[in-house]
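J.: what follows is a predicted structure for the sequence shown.
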Amino acid sequence: MPKSPWGFRGILQSRHVVEKLVCYSIGNGSKIDFWKQLWHPDGIISNLSSDRSLSECINSNATVMDLLHEGECDPILHLPHMKYLKDIIDRGILNLREENFHIWKPNENGEFSIKSVWHSVRLKKPKPPWSSVVWFSGAIPRHTFTCWLAMWGRLLTSDKLIKFGIQASPFCPLCIHGSESINHLFFQCSYSKWIWETILRKLNIRRSKDVAEDVDWIIDQFGDKGQLSTAVKLLFQATIYNIWHERNNRTHGKQKNAGVGGVIRNHEGRSIKMFSLKVRIGSIHLLELQAILHGLRLARNHNLTNIWVESDLLVAVNVVLKKFKYPWKGIPTLAKIYKVLAGTNSWCISHIWCEANSVADFLSKPDCGIKGDNLNTESAPPLLLDLMALDSMGAIYTRL
């Protein structure tokens, strides 16, 4: 059936599973296929019989009625395997006065239902302990589905993609520093952990244990039905859903606003030029590569030939250093970076923690209040001037 919908063709391919659940009550046998349908208690005749003489004497499309003569086996067909037909006659199963009808074996009353099909073909397993946190009345379907995938560990995080041989950044796009996995996102990541703890504080709930244990905690404390129980479960699912949604936005470049920024310093650490640009939306790693490219071009335009690049995204640093390959979307930007670097006398690139990169971080925000690709430091807002002054004085930044 080439014109049939894909879903319907898939259902048809499962007929062999359902056929075993259907049997026939034989009336006159006019509509029952002798060979292919389950009309005999022992099974389908084509599966029971391997005698070629029987298949040569009886037409492949024959019905049970075709082999009868006045309620008995046709006397012309004296074959050993006609015992199947004689058997139902001797048992009194055959009733020429009635029509044939189907019997659906999974139901005691013999009637068909979709529910009985599902219970017959599905693989039955005991409910997991967290089922009450995922499936409950009033849950939002899309939140429930995402939470269900997370509980089974089926969300395609970077660690899984890498195992499948797909090139992906191993770092969490939310906190940048951790390796992305289900356990990291929910809730070892500092970003997601802060969100969940903030929600709990709004509910006046104080938790001292690791938030990764909160599923068990919800089951113990809010397993019973009630408004507070439903509210906590809804908030938990909404947190899972929105963290995963934000992760996808950052990974696949679906943020509504995106910007890149950077600052050019001389050998004394004094800021001499800076840039803050709105760019085409991309992944956080691609945005960092674009920022590096623009900073290199700006430095070369001011005849700087000995360049030291600092980036607070370790993935971008390793990509430029060719420590691992980047997906194809970043190849054109990388080629441009290497072209600019080829025109320098010397260059190096290193990782810097975001706490010590506050000026570039400020300039990369879309709403920082200053935009341009070749900005003088005198045009910076007061807050940015204070940050640059701290840098020029050699301020020491501590990462807690």
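T.: Happy to help now that I have it. Every value quoted in this text rests on a predicted model; they were computed, and no experiment measured them. Numbers count the residues shown, from 1 in each chain.
J.: Three-state assignment for the residue lying closest to L375 once chain neighbours are set aside, please.
T.: In this structure, L375 finds its nearest non-sequential neighbour in M274, 4.9 Å apart by CB to CB, 6 or more residues apart in numbering. C-beta: built from backbone N, CA, C; applies to glycine. For M274, the assignment made with DSSP: H, G, I helix; E, B strand; the rest coil gives strand.
J.: V263 too?
T.: strand.
J.: would you mind measuring from it to A389?
T.: Distance, V263 to A389, using CB to CB, to the nearest Å: 13 Å.
J.: these two: which is more packed in?
T.: Set V263 next to A389 and count neighbours by other CB atoms under 10 Å: V263 wins out with 25 against 12.
J.: in this structure the more buried one contacts G269, no?
T.: No: counting by CB atoms under 8 Å, V263 sits too far from G269 to count as a contact (10.5 Å).
J.: coming back round to it: burial measure for the residue nearest to L375, as a count.
T.: Residues near M274, counting by other CB under 10 Å, number 27.
J.: now do the buried residues in whatever helix or strand L298 lives in.
T.: Using DSSP states H and E, L298 sits in helix 284-301. By neighbour count, with 16 or more other CB atoms under 10 Å as the criterion, the buried positions of helix 284-301 are 284-296, 298-299.
J.: go on, stretch 188-205?
T.: Within stretch 188-205, the residues that count as buried by 16+ other CB under 10 Å are 188-189, 191-193, 195-197, 200.
J.: what of stretch 164-177?
T.: Buried residues in stretch 164-177, counting neighbours by 16+ other CB under 10 Å, are found at 168-176.
J.: SS state for the most centrally placed residue in the chain?
T.: By CA atoms, centre = their mean, the chain has its centre lying nearest to L155, at 4.2 Å. Reduced to three states with three-state DSSP, the structure at L155 is coil.
J.: what's the pLDDT at the closest residue to it other than its chain neighbours?
T.: Nearest non-adjacent residue to L155, counting by CB to CB, 6+ apart: L149, 5.1 Å away. Per-residue confidence (pLDDT) for L149: 94.
J.: give me the neighbour count for I240.
T.: I240 is flanked by 25 other residues according to other CB under 10 Å.
J.: how near is I218 to S358?
T.: 38 Å.
J.: ignoring the adjacent residues along the chain, who's closest to I370?
T.: Of all residues not flanking I370 in the chain, S276 sits nearest, at 5.5 Å (CB to CB, 6+ apart).
J.: partners of that neighbour in the sheet?
T.: Under DSSP bridges, the beta-bridge partners of S276 are G261, G372.
J.: now do the contacts for it.
T.: Shown in contact with S276 (CB atoms under 8 Å, 6 or more residues apart in numbering): 259-261, 363-364, 368, 370-372, 375.
J.: cool, L185 as well?
T.: Neighbouring residues of L185 by CB under 8 Å, 6+ apart: 155, 157, 172, 174, 192, 243-244, 247.
J.: go again with 10 Å.
T.: Contact analysis of L185 by CB atoms under 10 Å, 6 or more residues apart in numbering lists 150, 155, 157-158, 172-175, 178, 191-193, 240, 243-244, 247.
J.: farthest-apart pair in those residues, please.
T.: Across these, no pair lies farther apart than S158 and K193, at 18.4 Å, counting by CB to CB.
J.: show me where the stretch 251-400 of the chain has helices.
T.: With helices called from DSSP state H, counting those that start in this stretch, the stretch 251-400 of the chain shows them at 284-301, 314-320, 331-342, 358-363, 382-392.
J.: list the buried residues in the third one.
T.: For helix 331-342, the neighbour count (16+ other CB under 10 Å) marks 333-334, 336-337, 340-341 as buried.
J.: need the helix or strand of the chain with the lowest average pLDDT.
T.: Counting by mean pLDDT, DSSP states H and E, the chain has its least confident helix or strand at strand 72-73, which shows a mean of 47.
J.: check pLDDT for the buried residues of stretch 164-177 and point me to the minimum.
T.: Minimum pLDDT across these is recorded for I176, with 66.
J.: just give the number of residues close to the residue lying closest to L383 once chain neighbours are set aside.
T.: In this structure, L383 finds its nearest non-sequential neighbour in F362, 7.4 Å apart by CB to CB, 6+ apart. Using other CB under 10 Å as the criterion, F362 is surrounded by 21 other residues.
J.: F362 contacts C354, doesn't it?
T.: No: contact status for F362 versus C354: not in contact, 11.1 Å apart, counting by CB atoms under 10 Å.
J.: show me the strands in the stretch 151-300 of the chain, by range?
T.: Using DSSP state E, counting those that start in this stretch, the strands of the stretch 151-300 of the chain run over 259-265, 271-278.
J.: and V134, which of those strands is closest to it?
T.: Of the strands of the stretch 151-300 of the chain, nearest to V134 by CB to CB is strand 259-265, at 37.8 Å.
J.: who does the closest one touch, helix- and strand-wise?
T.: Secondary-structure packing of strand 259-265 (3 or more CB pairs under 10 Å, 6 or more residues apart in numbering; DSSP states H and E): strand 271-278, helix 284-301, strand 306-311, helix 358-363, strand 372-375, helix 382-392.
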